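Enquirer: could you work out the structure for the sequence below:
(one chain, ligands or ions: 2)
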Amino acid sequence: MGIFRSTIGKLKQGLARTRESFGGGLKSMLFGKRLDEQLIKDLERRLIESDVGVQATRRLIAGIREDFKKGELTRGEDVLAYMKRELKTMWPEADRRLREAESGPTVILVTGINGVGKTTSIAKLCKALRDEGRSVLLGACDTFRAGAVRQLEIWAERLGVDVVKGQQGGDPAAVAFDACSAAVSRGVDVLILDTAGRLHTQDPLMRQLEKIGKVIDKQISGGPHEVLLVLDATSGQNALRQAEEFQKSAGVTGIFLSKLDGTAKGGIVIAIRESVDIPVKFVGVGETPEDVEPFDPDGFIEAMFGG
Ligand SMILES: Nc1nc2c(ncn2[C@@H]2O[C@H](COP(=O)(O)OP(=O)(O)OP(=O)(O)O)[C@@H](O)[C@H]2O)c(=O)[nH]1
Ligand SMILES: [Mg+2]
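Expert: Numbers count the residues shown, from 1 in each chain. Ligands and ions are numbered 1, 2, ... in the order given. Take a look at the predicted model:
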């Protein structure tokens with residue numbers, strides 16, 4: 001799906017805090033300096049502290065050290081340019097596209113731990129898809145938390161889409177079943193299912209997610225086409241652990257990284273890419289349905305480093 005045009009403005013604004021601490025920090029550390037082993041060591045420590053993660057840092061530092069020894073990197077400015085160039089190549093375009101059904105409705109199942117921004121992110125996806133002329137139906141599979149259905153309904157009313165819902169406390173898989181039937185009979189383009197927050201350690205809840213997946217596949221073959229894990233960027237390394245765990249137990253196909261506007265830890269995007277093989281497809285940069293961006297590596301790295 002070719003949804004969303006990238007508008008760098010919001011991302012840049014959202015990453016202001018990351019840019020200040022990460023980009024600003026690196027610039028003042030490297031600018032106008034001659035490269036030497038001590039500077040490389042300082043840089044390594046700074047990268048790890050900034051949530052880029054151990055693996056990505058090691059890889060970057062090894063490359064920098066090698067080029068330094070060859071005499072290809074001599075100044076701090078060269079190192080900045082080197083890092084930007086390397087980092088931008090980490091996310092191939094094909095990975096970042098939303099997966100879609102060959103025919104019939106595309107089903108997107110949205111999951112993640114409590115409070116990360118699942119429901120808000122659904123509103124964002126819904127708006128962006130509708131802006132592209134797609135018809136969208138929502139399914140309220142969070143039957144657990146009081147008020148969850150209402151929250152989704154409020155967004156739906158504002159965005160002008162319908163919600164399929166069930167009983168509070170009822171079986172979320174039954175709601176998924178009804179939502180899939182409705183999506184097929186109405187011929188909608190995309191069905192997005194909200195789910196209750198859960199921890200990967202909560203076995204019954206993880207099995208429930210599996211059951212929802214099976215119910216979807218029975219009705220709409222190949223579904224869910226996309227299992228989006230919502231991660232809160234402000235949670236830093238915890239987000240990384242959630243990605244690892246949900247990848248094992250929930251068949252995640254993409255990440256929606258929320259709350260990038262509220263964090264100085266944008267580097268987590270790099271750590272996720274290095275440690276788990278799940279593409280970050282969207283980033284959330286605020287609390288309204290407009291505050292979404294497709295993940296664009298060039299814009300992202302520029303926004304992190306500052307131009
Ligand atoms: N600043 C900011 N806030 C966000 C973003 N996404 C979500 N939020 C806020 O995060 C809070 C939780 O959002 P929800 O969408 O209710 O999260 P949830 O994962 O559905 O929560 P549960 O259903 O309770 O598990 C709300 O106050 C949202 O406004 C974002 O990209 N930026
Ligand atoms: Mg919710």
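Enquirer: enumerate the residues of the stretch 101-250 of the chain near ligand 2.
Expert: Proximity of the stretch 101-250 of the chain to ligand 2 is confined to 118, 119 under the rule Cβ under 5 Å from the ion. To be clear about C-beta, it is placed using only N, CA and C from the backbone, and glycine gets the same treatment.
Enquirer: ranges for the helices of the stretch 101-250 of the chain?
Expert: 118-131, 148-159, 172-186, 203-219, 237-250 (DSSP state H, counting those that start in this stretch).
Enquirer: ranking those helices by burial, who's on top?
Expert: Looking across those with neighbours counted as mean count of other Cβ atoms under 10 Å, the highest average goes to helix 118-131: a mean of 23.
Enquirer: what is the mean pLDDT for that helix?
Expert: Along helix 118-131, the predicted local confidence has a mean pLDDT of 95.
Enquirer: circling back to that earlier point, export the helices of the stretch 101-250 of the chain to a markdown table and tack on distance to residue 99?
Expert: Putting the helices of the stretch 101-250 of the chain into a markdown table (distance: least, Cβ to Cβ, whole Å) gives the following:
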| stretch | distance to residue 99 |
| --- | --- |
| helix 118-131 | 13 |
| helix 148-159 | 22 |
| helix 172-186 | 16 |
| helix 203-219 | 13 |
| helix 237-250 | 15 |
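Enquirer: dump the ones you listed into a markdown table; add distance to ligand 1 as well.
Expert: Output for those, formatted as a markdown table (distance: least, Cβ to the nearest ligand atom, whole Å):
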| stretch | distance to ligand 1 |
| --- | --- |
| helix 118-131 | 3 |
| helix 148-159 | 6 |
| helix 172-186 | 12 |
| helix 203-219 | 12 |
| helix 237-250 | 12 |
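Enquirer: and of those helices, who's closest to residue 70?
Expert: helix 237-250 (32.4 Å; Cβ to Cβ).
Enquirer: show me what that closest one is packed against.
Expert: helix 203-219, strand 226-232, helix 268-275 (3 or more Cβ pairs under 8 Å, 6 or more residues apart in numbering; DSSP states H and E).
Enquirer: which residues touch the last one?
Expert: With Cβ atoms under 8 Å, 6 or more residues apart in numbering as the test, helix 268-275 has contacts from 51-53, 55-56, 59, 87, 90-91, 231, 233, 236-237, 239-240, 243-244, 255, 257, 278-280, 283, 295, 300.
Enquirer: and with 6 Å instead?
Expert: Residues outside helix 268-275 that contact it (Cβ atoms under 6 Å, 6 or more residues apart in numbering): 51, 52, 53, 55, 56, 90, 233, 236, 239, 240, 243, 280.
Enquirer: then the second one?
Expert: Outside strand 226-232, the residues that touch it by Cβ under 6 Å, 6+ apart are 98-99, 108-112, 116-118, 121, 239, 242, 246, 251-259.
Enquirer: sorry, back to before: for residue 71, find the nearest of the helices and strands packed on helix 237-250.
Expert: Shortest distance between residue 71 and the helices and strands packed on helix 237-250, using Cβ to Cβ, is found for helix 268-275: 27.2 Å.
Enquirer: pairing partners for the next helix or strand after the closest one, with directions?
Expert: Next in sequence after helix 268-275, counting helices and strands by DSSP states H and E, comes strand 280-284. On the basis of DSSP bridges, the sheet neighbours of strand 280-284 come out as strand 254-258 (parallel), strand 292-294 (antiparallel).
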